[in-house]
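**Q** Here is my input, please return the structure:
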Amino acid sequence: MDRLTNTVRPYAWGSTTAIPELLGVEPTGEPQAEMWMGAHTGAPSHLTRDGAQVSLAQALAADPERELGPAATARFGPRLPFLLKLLAAGSPLSLQVHPDRAQAQAGFADEEARGVPLDAPHRNYKDDNHKPELICALTPFDGLCGFRRPEEAAELLDGLGVDALKPYVDILRASPETDALREVLTAVLSAEPAAMAEAVEAATAAAGRLGAGDGPHSDAYAAYAAIAHHYPGDPGVIAAMLLHHVRLQPGEALYLGAGIPHAYLSGLGVELMANSDNVLRCGLTPKHVDVPELLRVVRFEAGDPGVLRPEATKGEEVYETPIDEFRLSRFLLAPDADARPLPAGAPQIVLCTAGSVALRRTGEGTGRGADELTLAPGESAFVPADESVLLTGDGTAFRATVALTTR
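**A** Below you'll find the model as predicted:
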């Protein structure tokens, strides 16, 4: 096993306190948005091998079948197919969607062929992979996820009493679901900026008043008013009102597949995703918004956001998702409980989020890493595929691995 040294990304929307509090360190005063655990080229974790510090990506490349296992290597290639994060939102993230694998491959190939630099601000595709993701709340966590039914969105917009929004209300009430959602989102993102900023200002004032009351949508109105405070005049504020407002309690999660518009608003969570950084933005951002490409990727389907709760199996609480590249589970450990086995056969990252978690190798040592590790909150370890480990302690651990069963 190997203790991981991880990078914290200082994105502007990050909380200044949440990750430091979990780690038990003093805040720096700067935003600390995401701590990455994995082998993504943007910020790979590091570990010590043969007395030298190397990236996890380098360690995997040196012996992929041993580190990742033959089954995972055969299915996903010689790379870690997932990326684990601690995510701490102090202000809303951009409203966004992720492409499916075919869209990502086509978009990446097109931009490569046109010679668009990877770091260009107008670049859409940073790699050729899809990016389904799962967010599990460690604290109360607010977000937006998936389209409301058109009639619900119409009621919400109509309740604001803003004349400039009436045409959107009429479309939502008169057109079939897919057409209504597509037409309204297109109109919002393509509107003349000055007129849209004026409509957003009026909608913000109304949402603030309604959010302070006790009406049927007061929580949602309050959330949209808070979003507008961070992004005044942004058309994404109106686009956000087409989406479900979701408040997760600790231990609850959301799965976000391709084409599902979403945004995280506030809170601390554990995020697990396919190893990609492909994002198409819909608003709530000063960054590039490619409206035609966005509209090609978005799935214009209303539905329940589907809050996930873990299913307990032999002491391991699993968050079931329809994806092979990752599998997230949680262990609630007590000193007097039996040790929980982490079987060999697949790569694993174990993250402690509360208390103390101990990992002990079973069987003979391989000469790599440690035979035993103790993790404090915010600390993590990589367990290679050829190692079996027992988990004990008095705290909470999350386990990220792959799903190798046939779906």
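**Q** who are the neighbours in contact with the closest residue to Gly267 other than its chain neighbours?
**A** In space, Gly267 comes closest to Phe141 once its chain neighbours are excluded; the distance is 3.2 Å by CB to CB, 6 or more residues apart in numbering. Bear in mind the C-beta positions are built from the backbone N, C-alpha and C, glycine included. Contact analysis of Phe141 by CB atoms under 8 Å, 6 or more residues apart in numbering lists Ala89, Ile135, Arg247, Leu248, Glu252, Tyr264, Ser266, Gly267, Leu268, Gly269.
**Q** what's the spacing between Phe141 and Ala72?
**A** According to CB to CB, to the nearest Å, Phe141 stands 30 Å off from Ala72.
**Q** same check, this time on Arg3
**A** Arg3 is 22 Å from Ala72, by CB to CB.
**Q** out of the two, which sits in the busier spot?
**A** Each of Arg3 and Ala72 has its neighbours counted (other CB atoms under 10 Å); Ala72 has more, 26 against 18.
**Q** what's the pLDDT at that one?
**A** Looking at Ala72, its pLDDT reads 95.
**Q** just Thr406 next, same as before
**A** Taking Thr406 on its own, its pLDDT is 43.
**Q** With Leu23 instead?
**A** 96.
**Q** Assess the claim that it and Thr353 are in contact.
**A** No: counting by CB atoms under 8 Å, Leu23 does not reach Thr353; the two are 10.7 Å apart.
**Q** of the two, who's got more company?
**A** The neighbour comparison of Leu23 against Thr353 (other CB under 10 Å) goes to Thr353, with 23 against 16.
**Q** Is that one part of a helix or strand, or is it coil?
**A** With DSSP: H, G, I helix; E, B strand; the rest coil as the basis, Thr353 sits in strand.
**Q** That one - nearest residue in space that isn't next to it in sequence?
**A** Thr396 (4.9 Å).
**Q** and the one you found, what element?
**A** Assigned by DSSP states H and E, Thr396 belongs to strand 388-401.
**Q** can you pull the buried residues of that strand?
**A** The neighbour-count check on strand 388-401 (16 or more other CB atoms under 10 Å) flags Val389, Leu391, Thr392, Gly393, Gly395, Thr396, Ala397, Phe398, Arg399, Ala400, Thr401 as buried.
**Q** OK, contacts around the third one?
**A** With contacts taken as CB under 8 Å, 6+ apart, Thr392 has the following neighbours: Leu333, Ala337, Ala339, Arg340, Val357, Ala358, Arg360.
**Q** what about 6 Å?
**A** Ala339, Ala358 (CB atoms under 6 Å, 6 or more residues apart in numbering).
**Q** what does the fourth one give?
**A** For Gly393, the contacting residues are Leu333, Ser356, Val357, Ala358, by CB under 6 Å, 6+ apart.
**Q** quick one, phi/psi of the second one?
**A** With angles defined as degrees, to the nearest 10, Ser356 shows backbone torsions of phi -140, psi 140.
**Q** same thing with the third one?
**A** Main-chain dihedrals, Val357, degrees, to the nearest 10: phi -130, psi 130.
**Q** Give me the buried positions along the helix ranked longest in the chain.
**A** Secondary structure of the chain per DSSP state H: the longest helix is helix 193-211. Residues of helix 193-211 classed as buried: Met196, Ala197, Ala199, Val200, Ala202, Ala203, Thr204, Ala206, Ala207, Gly208, Leu210, Gly211 (neighbour count, 16+ other CB under 10 Å).
**Q** of all the residues you listed, which comes closest to Arg296?
**A** Met196 (22.0 Å; CB to CB).
**Q** for this protein, what spans make up the helices?
**A** 18-23, 56-62, 64-68, 70-76, 101-113, 150-158, 166-174, 177-190, 193-211, 218-230, 236-240, 291-297.
**Q** among those, which is the most enclosed?
**A** Ranked by mean neighbour count under mean count of other CB atoms under 10 Å, these are led by helix 236-240, which reaches a mean of 26.
**Q** I figured the residue nearest to Thr353 was touching Cys352, is that so?
**A** No: judged on CB atoms under 6 Å, Thr396 makes no contact with Cys352 at a distance of 7.1 Å.
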